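>>> give me a 3D structure for the following:
(one chain, ligands or ions: 1)
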Amino acid sequence: MSGLSIVKEGTGVVIKYGDVILGLDVGHPGSTTLLSHGHFDHLGRIQMAREVITTQGTLDVFRARGGRVKWQTTIAEYNETMFHESAMITPIDAGHVLGSAMFLIEFNDGMRLLYTGDFNNVDSIVHKAASAVDADVLVTEATYGTPEWEFPERAQTHSRIIAKAEEELSAGRIPRFKAYSLGKAQEAIALLQDNGFTVMTGNGTIDAVSRAYTKHGNELNFVPTNKSTVRRLTTEDVVIVSSSPGHMRRRLVKLLGSLITRDLESKTVDYDLSGWTLTDQGRKGFPLSAHADFPGLLQFAKNVDPKIAYCFTSNASSLSEHLSSEGISSVPLE
Ligand SMILES: [Zn+2]
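Okay, here's the model as predicted:
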């Protein structure tokens, strides 16, 4: 592994080994970028990349969110190895959002490096859990890399969300679940539709991304908020999934006027769907996460069994310390 350079750069990392230079979730001028998924915090300087290797799902999501592709794209399929210069690259389902991929990079001397991007090693309704593969070098996210982040069983969180939706509707209120427009919103729609609720979406981005999910085999049934549907908010029992209640409010004012909107808002109760609600008592909601929790991060690294791990994202130092104390030599990338 001597000769491996791995440097944090903007929203990702740049690796150099032998004649191979790759940007991982960041554009590096004149080089190829491996794009793990379509969240904005992984797209820094992406327009500077000469070539982007990613999945069709990520490309569809990028476009659904208004992104313009200005680079040469190479579409990669899960578990299919492709050659890139002197390396072999295999995308592996990361279980985080539609199209999300970890990348296994095998160099010509046999060294194997696994870059996780963001990942979840628990099944959700619309994503399959990430599985570990052996690697000499692990570059892992560390979002929930401190011990207090241990999420309850997902099925339990799902049940609590359903119970809350029923409770609010039977009290004459409108439950509104706030979720990221890519990933969590689609899981919320799937969960609610599967349990018989009529789901209205509050934001056009959720609609566009959800159509991409449907294209990739996750049939999502929802009612977009528009001129012809908006009255259903006043006449039917509906549950809302929204990534931005403020944006939705402005839309309702345009469609219904401020008086009716104010009345609807007074009946609406907001709940966050986010891992961060687990410890933040000020945030009302449910800890539905698209990331591995702390035990999940540790277990994943143990399963990869690397000679060295590099950790990135906010809790990199903490996860590094814990991995080192578990016998996995680790370095935070900061
Ligand atoms: Zn992400």
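>>> the protein: helices as residue ranges?
Using DSSP state H, the helices of the chain run over 56-64, 154-170, 184-194, 204-215, 232-235, 245-256, 258-267, 294-304, 316-325.
>>> need these in JSON lines with mean neighbour count, mean pLDDT and distance to Leu98, can you?
Using the backbone N, CA and C atoms, a C-beta is placed for each residue, glycine as well. Putting the helices of the chain into JSON lines (neighbours: other C-beta atoms under 10 Å; pLDDT from 0 to 100; distance: least, C-beta to C-beta, whole Å) gives the following:
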{"stretch": "helix 56-64", "mean neighbour count": "21", "mean pLDDT": "96", "distance to Leu98": "5"}
{"stretch": "helix 154-170", "mean neighbour count": "16", "mean pLDDT": "97", "distance to Leu98": "18"}
{"stretch": "helix 184-194", "mean neighbour count": "24", "mean pLDDT": "97", "distance to Leu98": "7"}
{"stretch": "helix 204-215", "mean neighbour count": "21", "mean pLDDT": "96", "distance to Leu98": "5"}
{"stretch": "helix 232-235", "mean neighbour count": "14", "mean pLDDT": "94", "distance to Leu98": "27"}
{"stretch": "helix 245-256", "mean neighbour count": "16", "mean pLDDT": "94", "distance to Leu98": "22"}
{"stretch": "helix 258-267", "mean neighbour count": "14", "mean pLDDT": "96", "distance to Leu98": "30"}
{"stretch": "helix 294-304", "mean neighbour count": "19", "mean pLDDT": "98", "distance to Leu98": "20"}
{"stretch": "helix 316-325", "mean neighbour count": "19", "mean pLDDT": "97", "distance to Leu98": "26"}
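>>> and for Ile105, the neighbour number?
A count of nearby residues for Ile105, using other C-beta atoms under 10 Å, gives 23.
>>> tell me the contacts of the nearest residue to it once chain neighbours are set aside?
By the measure of C-beta to C-beta, 6 or more residues apart in numbering, the closest residue to Ile105 outside its immediate chain neighbours is Leu113, 4.6 Å from it. Each residue near Leu113 by C-beta atoms under 8 Å, 6 or more residues apart in numbering is listed here: 4, 15, 17, 104-107, 135-139.
>>> measure Leu113 to His127 for me?
24 Å (C-beta to C-beta, to the nearest Å).
>>> any chance of the helices of the chain in a markdown table, with distance to Gly117 too?
Conversion of these to a markdown table gives the following (distance: least, C-beta to C-beta, whole Å):
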| stretch | distance to Gly117 |
| --- | --- |
| helix 56-64 | 10 |
| helix 154-170 | 20 |
| helix 184-194 | 16 |
| helix 204-215 | 18 |
| helix 232-235 | 37 |
| helix 245-256 | 27 |
| helix 258-267 | 37 |
| helix 294-304 | 13 |
| helix 316-325 | 14 |
